[in-house]
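S.K.: Can you look at this prediction? I've put the sequence above it.
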Amino acid sequence: MIKNKIPVEYKFHDPTLSSSINLSISLNTNDINSMYLIHRSFIQQIKNEKQGSANSKTRSEVRGGGKKPWKQKGTGKARAGSIRSPLWKGGGVVFGPKPKSYKSKVNQKEKKIAICSLLVNKKPITIPIQDNVLILNRPKTKLIYNQLQNLSINTNKKILIIINQLDNNLYLATRNIPNIELILANQLNINSLLKAENILITYDSLLTIEERYNV
């Protein structure tokens, strides 16, 4: 597999300071197969989320129906061998669903390249922020909402916040906003990145991503 290391530069604005910080990280991508790898990883994630427990009973599994309801000839009625025939109400199901596993596998290297490629593609809608911007002293939804307003982010769009370590106050404050998803940098997945219309990412998260997802 051909891998290309692409340098991606992020500019961090600190509201308390007039200066800004630049951070450049290298991400492994594949120019030829990037969309294919993203698609494969997405399908794999969707399949693995399926429970696969749908079940129905065939005529042999439905309780009862062992006795022939009436004799074969002489009644004027259609012949029948069981009251649990699929033709009868309360009978078994023909070719109904049975429990099965939908799980599929994608190589870890391919999945990492897919995530890196998607991060590069989503660079225009990615907003780098300092780690202290999302530190809340109380788990209040209004506090995080005001922070997003200060960053000129539309809360009606899908927002993905990538952090390095889970903060309980931030988790409690964001879970009441339906369009916000909080995710750790070492647990990124294709589906969350694809759905995101705005991405907030912290400084430490970018360092973790460069270390973890470069194969």
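M.R.: Here it is on my side, so go on.
S.K.: in which helix or strand would I find the residue with the largest distance to the centre of the chain?
M.R.: Of all residues in the chain, Gly74 sits farthest from the chain's C-alpha centroid, using CA atoms, centre = their mean; the distance is 62.7 Å. For Gly74, there is no host helix or strand (DSSP states H and E).
S.K.: ditto for the one 5 residues further on
M.R.: Element membership for Arg79, per DSSP H and E: none, as it lies in no helix or strand.
S.K.: ok, it - contacts?
M.R.: By CB atoms under 8 Å, 6 or more residues apart in numbering, the contact set of Arg79 is Gln72, Lys73. In this view, the C-beta of every residue, glycine as well, is placed from N, C-alpha and C.
S.K.: and the gap between it and Pro86?
M.R.: To Pro86, Arg79 is 15 Å away according to CB to CB, to the nearest Å.
S.K.: for Thr58, same thing?
M.R.: Where Pro86 is concerned, Thr58 sits at a distance of 8 Å (CB to CB).
S.K.: Please apply the same query to Met35.
M.R.: Counting by CB to CB, the gap from Met35 to Pro86 is 45 Å.
S.K.: same thing with Lys140?
M.R.: Spatial separation of Lys140 from Pro86 under the definition CB to CB is 58 Å.
S.K.: For this structure, which segments are assigned as helices?
M.R.: Taking DSSP state H as the criterion, the chain contains helices spanning 34-48, 108-121, 141-150, 168-174, 190-195, 203-213.
S.K.: got a list of contacts for the fourth one?
M.R.: I take that to be helix 168-174. Contacts for helix 168-174 (CB under 8 Å, 6+ apart): 134-141, 143-144, 161, 163, 180, 182.
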